[in-house]
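Peer 1: predicted model follows, preceded by the sequence.
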Amino acid sequence: VRHPSSLSAAELKSVFIIVTTAFYDDIKRQLEEQGLIEFEHFAFWTFVVARPSHMLKKVIRTNPRPGPECRYAFSRLIVAVQGVFCCVCSPFITLPLGNILVQSCEEIWRSAVAKIFRLSIVNHTYCFCRLPFCNERDKEKPVRQQYGTADIAPAEVLQTVEFAFDCTCNLRCESCRDRAMHGNAGKIHEKIADSLLASPLVNAAESCQCCGGGEVFFGKGFEKLLFSDQAPVRREGVILTNLQLFSEEKWRKVREHFRRIRFLVSMDGATPETYERIRRGASFAVLMKNLRLVSALRQAREIETFTLNMVVQRKNFGEMPEMVKIADSLGADAMNFVKIMNWGTYSDRQYHDEISMFESDDETMMPELREAVHAILNSKHKASVAFAWQL
């Protein structure tokens, strides 16, 4: 066994390299320094699309079980990193539907792979889902005895399309990266944006959500897709942002391109010390200034909803009650608390011993977190409060 660093450029070019780690951008840069070309000499693992025949065999042979019949699989599309298409919830399924760099959106949405994925929902085998993480897992239905072609047909008009392909960000939050990701991958992101702009299916979607993984007001791909002169006026935009780069000028671009607007602001601390420790590179003062701008827009009914999101971990769970007070003071519609996930940033031991506020089963709240949750539930507050985990 030889380490890749010991291979010459000629040796590396003699094989096709499939990268199967989450640190694709780092490896991509190293391979390009050796003269290798993406897609010609190497690619991310999701470019190797599953074989429909193998998928179908798995769906037919797996025993069905009672469970949810998730409609997201029929009406929602996610454009994830490197142009990979998924439906439902990309972190919690094991199957990419296709890639926009080699297929059109319409081809992917109606492909054999997509149909077989939907069949796995309809026939209750869930072969490609991580069911314990599913938000619909409590909506259990009995196994169907009959189903036909019409039952796996996708919606003609997408209910939601989620843009999460551009991971470049102005911050380097400790839960997902150790350095800021800037414009090294800008060209591929702009190429993805061009393909999406050319898609009638995507442009006609009822709602688009932007973004996950990066910052919507930073990435070049998002700028081109959402706010450029080429971008269409979309029906609804759900803007997920850290708000550090927001301004009156950015607001004008948002307003020009969306008829209905919802803001979800990531805020992982109620004090400057906690917030800036977790959201590395951010300023609490800038956040509060821009939150007041969003609050004024909500009060003027320029935006439909305004929500604060907090990713809960050991460094900030004690500030959850104060976060609800901030949400109320700003006139936010909702305050969402989300469990921190391990995206490969931590070892399993570090995640459970130092980061997570849940027991080793990842479902049971630690006593300290349960106490904070009960304090919120027993208090008076105007904003709607949601906990994105089972109580």
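Peer 2: Great, that's in hand.

Peer 1: switch to C-alpha atoms for all contacts and neighbour counts from now on
Peer 2: OK.

Peer 1: and Gln244, what element?
Peer 2: Following DSSP states H and E, there is no helix or strand that holds Gln244.

Peer 1: again but with Ile239, I slipped
Peer 2: Per DSSP H and E: Ile239 is located in strand 234-241.

Peer 1: can you list the strands that that strand pairs with?
Peer 2: Sheet pairing of strand 234-241 (DSSP bridges) gives strand 207-210 (parallel), strand 258-266 (parallel).

Peer 1: report the buried residues of that strand.
Peer 2: Neighbour-count burial for strand 234-241 flags 234-241 (criterion: 16 or more other C-alpha atoms under 10 Å).

Peer 1: ok, which pair from those residues is furthest apart?
Peer 2: Arg235 and Thr241 (19.1 Å; C-alpha to C-alpha).

Peer 1: Thr139 against Gly67, yeah?
Peer 2: I think there's a mix-up here, since residue 139 is Lys and not Thr. Yes - at 7.0 Å, Lys139 counts as touching Gly67 under the criterion of C-alpha atoms under 8 Å.

Peer 1: between those two, which one's more packed in?
Peer 2: Gly67 (21 against 11; other C-alpha atoms under 10 Å).

Peer 1: okay, and the beta partners of that one?
Peer 2: Bridge pairing for Gly67 - DSSP bridges - gives Lys141.

Peer 1: okay, the strands paired with strand 234-241 in CSV with distance to Cys167 and mean neighbour count next?
Peer 2: Listed next are those as CSV, based on distance: least, C-alpha to C-alpha, whole Å; neighbours: other C-alpha atoms under 10 Å:
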stretch, distance to Cys167, mean neighbour count
strand 207-210, 11, 23
strand 258-266, 15, 20
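
Peer 1: show me what the helix or strand where Arg370 lies is packed against.
Peer 2: Element membership of Arg370 [criterion: DSSP H and E] is helix 367-377. Helices and strands touching helix 367-377, as assessed by 3 or more C-alpha pairs under 8 Å, 6 or more residues apart in numbering; DSSP states H and E, comprise helix 320-330.

Peer 1: tell me which residues in the helix it packs on are buried?
Peer 2: Per 16+ other C-alpha under 10 Å, helix 320-330 contains these buried residues: 320-321, 323-328, 330.

Peer 1: again, but for stretch 328-338
Peer 2: Buried residues in stretch 328-338 (16+ other C-alpha under 10 Å): 328, 330-337.

Peer 1: in the protein, which spans are strands?
Peer 2: Secondary structure of the chain, counting by DSSP state E: strands at 17-19, 42-44, 76-79, 84-86, 98-99, 160-163, 207-210, 234-241, 258-266, 305-312, 334-339, 384-387.

Peer 1: picking that back up, can I get the buried residues of strand 234-241 in JSON lines with distance to Glu276 and pLDDT?
Peer 2: Output for those, formatted as JSON lines (distance: C-alpha to C-alpha, whole Å; pLDDT from 0 to 100):
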{"residue": "Arg234", "distance to Glu276": "34", "pLDDT": "94"}
{"residue": "Arg235", "distance to Glu276": "35", "pLDDT": "94"}
{"residue": "Glu236", "distance to Glu276": "31", "pLDDT": "97"}
{"residue": "Gly237", "distance to Glu276": "28", "pLDDT": "96"}
{"residue": "Val238", "distance to Glu276": "25", "pLDDT": "96"}
{"residue": "Ile239", "distance to Glu276": "22", "pLDDT": "97"}
{"residue": "Leu240", "distance to Glu276": "19", "pLDDT": "96"}
{"residue": "Thr241", "distance to Glu276": "16", "pLDDT": "97"}
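
Peer 1: would you turn these into a markdown table with distance to Met55?
Peer 2: Converted to a markdown table, those look like this (distance: C-alpha to C-alpha, whole Å):
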| residue | distance to Met55 |
| --- | --- |
| Arg234 | 35 |
| Arg235 | 35 |
| Glu236 | 35 |
| Gly237 | 34 |
| Val238 | 33 |
| Ile239 | 35 |
| Leu240 | 34 |
| Thr241 | 37 |
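
Peer 1: nearest to Ile108, of the residues you listed?
Peer 2: Nearest member of the buried residues of strand 234-241 to Ile108, counting by C-alpha to C-alpha, is Arg234, at 21.5 Å.

Peer 1: quick one: Phe227 and Arg255 touch, right?
Peer 2: No - counting by C-alpha under 8 Å, Arg255 is not a contact partner of Phe227; they are 9.5 Å apart.

Peer 1: these two: which has the busier surroundings?
Peer 2: Each of Phe227 and Arg255 has its neighbours counted (other C-alpha under 10 Å); Phe227 has more, 21 against 16.
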